[in-house]
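Visitor: Could you work out the structure for the sequence below:
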Amino acid sequence: MNKTIFITGASSGIGQATAQYFAAQGWNVIATMRSPKKQDVLKNSEHLLVLKLDVEQPETFKEVIETAIFHFGKIDVLLNNAGYGQHGLFEATTSQQIHRQFSVNLFGTMEITRALLPHFREQKGGNIITITSGVGRVTVPLVSIYAASKFALEGFCESLSFELASQNIRVKIIEPGNIATNFEQTTKENFADGEALIDYADYLKQMDKVFKSIYNGGGSTAADVAETIFKAATDESNILRYVIGSDLQPLIDIRNGGTDESYMDVLRSTFVPKN
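Guide: Here you go, the predicted model:
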């Protein structure tokens, strides 16, 4: 029997690329998304099932999971990919924006994971893979809410990996650095800056230049991430974290290999204005 992966947030970007990659490797793919009718890339086929799922609506999970299992017989891998980035000045970010960021990125991931655990325990195994972010380990300015949700995911997954090992369920984390998807465009449309907060104007201009230089420096693709996800799903190792991107690994090495002061000095040299 072919193995099956259940993907959240598969309408575009990493989720869509992963659905295509796994299908090409002969896997069964359950590609879930909030609005299946709004995408025209993934289509139902012998080994691909597109289902509607919103991670903010846990009351619907049981029916979706039962449909998926009925269709393919089992689920071997859960890919927690659904999420978005609330970027901008913390002072300009509303309580509603903060709560929704955690509702989607953290609580949604927790709820769909919990919903699938009985199935994994029943079959005596499974693999839970969660997309976090480079800023879940090495953060930068203007992403405080997004980074907080990803730092929380990192802690959740690391702790979960220990207890689920007792059930033969592996937990993996995928940490992308700069990725060429529509993610950055989406975050710009939702950027919190606050017209009245003119004290930040010069800093925002400076950071705009810094981030443009970072993004223009290139990065990995969604296909690169999909390939790494496939490795995490199939290597049968106890590796927890998979880092993607030459831009991210050096910063993680600095954080892991030196003092906190030296790490912060490196980041401040880029992101704190010179007096």
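Visitor: What lies in contact with stretch 107-127?
Guide: 6, 8, 53, 55-56, 58, 61-62, 65, 69, 74-78, 80, 82-83, 128, 130, 153, 156, 160, 164, 167-172, 232-233 (Cβ atoms under 8 Å, 6 or more residues apart in numbering). Yep, even glycine has a C-beta here, placed from its N, CA and C like the rest.
Visitor: State the three-state secondary structure for Asp54.
Guide: coil (DSSP: H, G, I helix; E, B strand; the rest coil).
Visitor: burial count for it?
Guide: 18 (other Cβ atoms under 10 Å).
Visitor: Pretty sure it sits against Pro36.
Guide: No - the pair Asp54 / Pro36 is not scored as a contact, 11.2 Å apart, by Cβ atoms under 8 Å.
Visitor: How are the strands of the protein distributed by residue range?
Guide: For the chain, the strands defined by DSSP state E cover 4-7, 28-33, 48-52, 77-80, 126-131, 169-176, 179-180, 220-221, 241-244.
Visitor: Could you identify which of these has the lowest mean pLDDT?
Guide: Lowest mean pLDDT within the strands of the chain: strand 179-180, at a mean of 70.
Visitor: Tell me which residues of stretch 260-275 come out buried.
Guide: Within stretch 260-275, the residues that count as buried by 16 or more other Cβ atoms under 10 Å are 263, 267, 271.
Visitor: coming back round to it: filter the contacts of stretch 107-127 to the buried ones?
Guide: The neighbour count (16+ other Cβ under 10 Å) marks 6, 8, 53, 55, 61, 65, 69, 74-78, 80, 82-83, 128, 130, 153, 156, 160, 164, 169-172, 232-233 as buried among the contacts of stretch 107-127.
Visitor: any weak-confidence spans in the stretch 151-275 of the chain?
Guide: Within the stretch 151-275 of the chain, the stretches with pLDDT under 70 are 180-188, 217-218, 275.
Visitor: who's in contact with Asn105?
Guide: Taking Cβ under 8 Å, 6+ apart as the contact definition, Asn105 lies against 83-84, 146, 149-150, 153.
Visitor: In TSV, list those along with distance to Pro118.
Guide: Output for the contacts of Asn105, formatted as TSV (distance: Cβ to Cβ, whole Å):
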residue	distance to Pro118
Gly83	24
Tyr84	28
Tyr146	31
Ser149	26
Lys150	27
Leu153	22
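Visitor: and the closest residue to Ile214 other than its chain neighbours, how many residues sit next to it?
Guide: Leaving aside its sequence neighbours, Ile214 sits nearest to Asn178 (Cβ to Cβ, 6 or more residues apart in numbering; 6.4 Å). Asn178 has 20 neighbouring residues, counting by other Cβ under 10 Å.
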